[in-house]
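Novice: below is the sequence, then the predicted model.
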Amino acid sequence: MEQSPTESGTGIGREWGRPRIRVSAIAPGPIRGKGERRTCSRVEEDKVRMAASVPLGRLGKPEEIAAAAAFLMSPEAASISGECLTVDGARWLNHDLFQASSSAK
């Protein structure tokens with residue numbers, strides 16, 4: 001059975017906690033950037049719809065994912081382990097799976 005990043009992080013965090021190794025994960029939402037052509041539809045309408053599916057009303061930025069990773073590695077996060085940090089503008093709260101339009105091929 002395949003585990004979600006949250007379930008995997010919790011189990012690995014528990015396993016590696018004794019030797020004081022922290023394990024965390026980041027679950028990014030749709031991100032603007034160089035890889036956008038691979039991850040987002042090439043149809044502009046779909047990009048607008050995808051951004052609209054995010055409560056913050058925009059796609060994330062690579063720098064925001066990097067900042068989340070930097071935080072998880074920082075001394076300020078020393079007691080965080082076994083967690084999956086969702087960085088998606090609250091998109092997962094919508095329970096709205098984005099479906100590309102049929103013209104996006």
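Specialist: Arrived safely. All values reported here derive from a predicted model rather than from experimental measurement.
Novice: how far away is the residue nearest to Ala78 when sequence neighbours are not counted from Ala68?
Specialist: Spatially, and ignoring its direct neighbours in sequence, Ala78 is nearest to Arg22 (7.6 Å; Cβ to Cβ, 6 or more residues apart in numbering). Bear in mind the C-beta positions are built from the backbone N, C-alpha and C, glycine included. Summarising the geometry, the distance separating Arg22 from Ala68, computed by Cβ to Cβ, to the nearest Å, is 14 Å.
Novice: now do Thr86
Specialist: 9 Å.
Novice: who touches both of these two?
Specialist: Contact with both Thr86 and Ala68 is made by residues Ile26, according to Cβ atoms under 8 Å, 6 or more residues apart in numbering.
Novice: for the residue nearest the centre of the chain, grab phi and psi.
Specialist: When the chain is reduced to its mean C-alpha position, the nearest residue by Cα atoms, centre = their mean turns out to be Pro28, at 1.3 Å. Pro28 has phi and psi values of phi -80, psi 150 when expressed as degrees, to the nearest 10.
Novice: now do it, the pLDDT please.
Specialist: Per-residue confidence (pLDDT) for Pro28: 93.
Novice: isn't it right up against Ile65?
Specialist: Yes - contact status for Pro28 versus Ile65: in contact at 5.2 Å, counting by Cβ atoms under 8 Å.
Novice: any shared contact partners between these two?
Specialist: Contact criterion Cβ under 8 Å, 6+ apart; residues bridging Pro28 and Ile65 by contacting each: Val87.
Novice: got a list of what the residue nearest to Ala78 touches?
Specialist: 13, 16, 72, 77-78, 80-81.
Novice: I'd like the next helix or strand past the lowest-mean-pLDDT helix or strand in the chain.
Specialist: Taking mean pLDDT, DSSP states H and E as the measure, the chain has helix 36-39 as its least confident helix or strand, at a mean of 56. Using DSSP states H and E, the helix or strand that follows helix 36-39 towards the C-terminus is helix 44-52.
Novice: sketch out the low-pLDDT regions of the chain for me.
Specialist: Along the chain, segments meeting pLDDT under 70 span 1-10, 17, 34-43, 96-105.
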